[in-house]
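J.: What would the 3D arrangement of this be:
(one chain, ligands or ions: 1)
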Amino acid sequence: MIKENNIGIRIYENNLEGSQKFAQIFVDNINLVLKKKKKCVISIPTGNSPINFYQSLINLYKEKKISFKNVIFFNLDEFFPISKHHRESYYYYLQTKLFNHIDLPRNNINLLEGDIKEKSLKKYCESFEKNIKKLGGLDIQILGIGRNGHIGFNEPGSNINSITRKVRISNDSLNIISKDFSNKTRIPKEALTLGINTILSAKKIYLLAWGLEKASIIKNTLKGKVNSDIPSTYLQNHNNVSFILDKDAASKILISD
Ligand code: GLP
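T.: Residues are numbered from 1 along each chain as shown. Sure, this is the predicted structure:
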């Protein structure tokens, strides 16, 4: 593992190899936490980056390397407004790509719901935040990264002290997201997301990034000055972050300049 600005970096041949290796690291990490205390509290992302990782995790579960009975999951973000049953909702994604395939008790799933009433939103976000705290905080946070440096839906301009809230999705992100929506007129323009402060309060943070399209933002995140224009640079302020990359995503940090 190499280090850059306080951040550990693991580089793998490709997405598949990195996802498989990371699934093992993650399982070891959960088992270590479970040895010390009764439960492990985790927040997980959606998007394309973790798809192979979730599949590898299901495989490790089938091989009996891990049980999720004492693991409590929160999600990182969700579109707003969106129905739980919408195929592009992060709720639907996590149920179908992970939760339906492991021994996770329903009560251990805490997902931001995109169909909450606008007038209850503030209280809802506050209670989501409180629920994490009540459990002793996040043991592990897994992140993807947007090409503009967003983590969760903390878009450029996000404050370091921000907590769970409703945000506007940037035009840059909307352009990328729109490729996944079949009905382009109904793409949500807003989202619910854990805040930067919530993310940085996790004891351990992993960020996954694959492919050449992430190479520039990975370089800027690791080598740039900490600033709100690139929210991912806030990760330099945390003392236990690991980036899990493939060679392509790491290609711009391997060249010295
Ligand atoms: C999305 C989500 C993030 C995700 C990121 C990267 O818009 N808001 O939670 O991590 O962008 O997505 P992907 O992994 O598909 O590149």
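J.: Ile109 is in contact with Tyr91, correct?
T.: No: look at Tyr91 against Ile109 with Cβ atoms under 8 Å: they stay out of range, at 9.6 Å. Yep, even glycine has a C-beta here, placed from its N, CA and C like the rest.
J.: shared neighbours of these two, which are they?
T.: Counting by Cβ atoms under 8 Å, 6 or more residues apart in numbering, Tyr91 and Ile109 have no contacts in common.
J.: Name the residue in these two with the higher neighbour count.
T.: Tyr91 (23 against 17; other Cβ atoms under 10 Å).
J.: which bits of the stretch 101-250 of the chain sit near the ligand?
T.: With Cβ under 6 Å from any ligand atom as the criterion, the stretch 101-250 of the chain comes near the ligand at residues 144-146, 152-153, 173, 177.
J.: who wins for neighbours among these?
T.: That'd be Gly152 among those, by other Cβ under 10 Å, with 30 neighbours.
J.: Settle this for me: that one is touching Gly47, isn't it.
T.: No: the pair Gly152 / Gly47 is not scored as a contact, 10.5 Å apart, by Cβ under 8 Å.
J.: Without its sequence neighbours, what residue ends up closest to the residue in the stretch 51-200 of the chain positioned nearest to the ligand?
T.: The stretch 51-200 of the chain approaches the ligand most closely through Gly144 (2.5 Å), counting by Cβ to the nearest ligand atom. Spatial nearest neighbour of Gly144, chain neighbours left out: Ser49 (4.1 Å); criterion: Cβ to Cβ, 6 or more residues apart in numbering.
J.: I'd say the one you found and Leu207 touch.
T.: No: using Cβ under 8 Å as the test, Ser49 is too far from Leu207 to be in contact (9.0 Å).
J.: okay, and the common contacts of these two?
T.: With Cβ under 8 Å, 6+ apart, Ser49 and Leu207 have common neighbours 144-145.
J.: wait, what's in contact with Ser228?
T.: Ser228 touches 156-160, counting by Cβ under 8 Å, 6+ apart.
J.: now do Lys21
T.: 10, 12, 244.
J.: Counting neighbours, what do you get for Ser127?
T.: Neighbours of Ser127 under the rule other Cβ under 10 Å: 12.
J.: Show me where the stretch 101-250 of the chain has its strands.
T.: In the stretch 101-250 of the chain, the strands defined using DSSP state E, counting those that start in this stretch lie at 109-110, 140-143, 165-168, 190-193, 204-209, 241-246.
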